[in-house]
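**Student:** quick one, structure for this:
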Amino acid sequence: MRTIIAGLAEEAERQIRDRVWEMTATERVVAGKTADDLSSAVGPQHVQEALAVIDRLARLREALAALALSLARVHGRLAWFLGAACTTLAPVLHWRALPAADGTSFGAIPPSVQQYQDAEAAVRRLEAALTHITTT
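**Tutor:** Coordinates of the predicted model:
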């Protein structure tokens, strides 16, 4: 996830730098709000790692929800960027933190510690990219 988000962020930054993508005032507001929401959802690595896995998963889902809500408010390049980010983070929706006592969990799987770290780092990179493109 981290690698894909980094590529998306680099592409967005390049499009803005090359003036392929001229952000509107509305896009800047939405991108800034999204960055704030992502920052609120997923904190620094040491903070996230101190949380129980159920809380880590909840925060990752909050980040994905923030992206989806923002995606619903925009069109064009920002929508494409946010849509690609949502798709990249979609595996989070198939993770579970609770045991499946009866053995069924609708296909949800418990992620590894590395998967949590990767997803959280991806959200932080996405937040940084949104902050950067908002101020560029």
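**Student:** correct me if wrong: residue 92 contacts residue 60.
**Tutor:** Yes. Contact criterion C-beta atoms under 8 Å: residue 92 and residue 60 qualify, at 4.7 Å. No exception for glycine: its C-beta is placed from N, CA and C like everyone else's.
**Student:** of those two, which one has the most company?
**Tutor:** residue 60 (25 against 20; other C-beta atoms under 10 Å).
**Student:** shared neighbours, residue 92 and residue 60?
**Tutor:** residue 119 (C-beta atoms under 8 Å, 6 or more residues apart in numbering).
**Student:** give me the buried positions along stretch 47-60.
**Tutor:** 48, 56-57, 59-60 (16 or more other C-beta atoms under 10 Å).
**Student:** avg pLDDT for that stretch?
**Tutor:** Per-region confidence: stretch 47-60 scores 97 on mean pLDDT.
**Student:** the residue lying closest to residue 132 once chain neighbours are set aside: how many residues sit nearby?
**Tutor:** Leaving aside its sequence neighbours, residue 132 sits nearest to residue 13 (C-beta to C-beta, 6 or more residues apart in numbering; 6.2 Å). A total of 15 residues lie near residue 13 under the criterion other C-beta under 10 Å.
**Student:** please apply the same query to the one 5 residues further on.
**Tutor:** By the measure other C-beta under 10 Å, the count of residues near residue 18 is 8.
**Student:** dihedrals phi and psi, it?
**Tutor:** Main-chain torsions, residue 18, degrees, to the nearest 10: phi -80, psi 0.
**Student:** what about the longest helix along the chain, distance to the chain center?
**Tutor:** The single longest helix within the chain, with elements called by DSSP state H, is helix 113-135. Offset of helix 113-135 from its chain centre (C-alpha atoms, centre = their mean, to the nearest Å): 6 Å.
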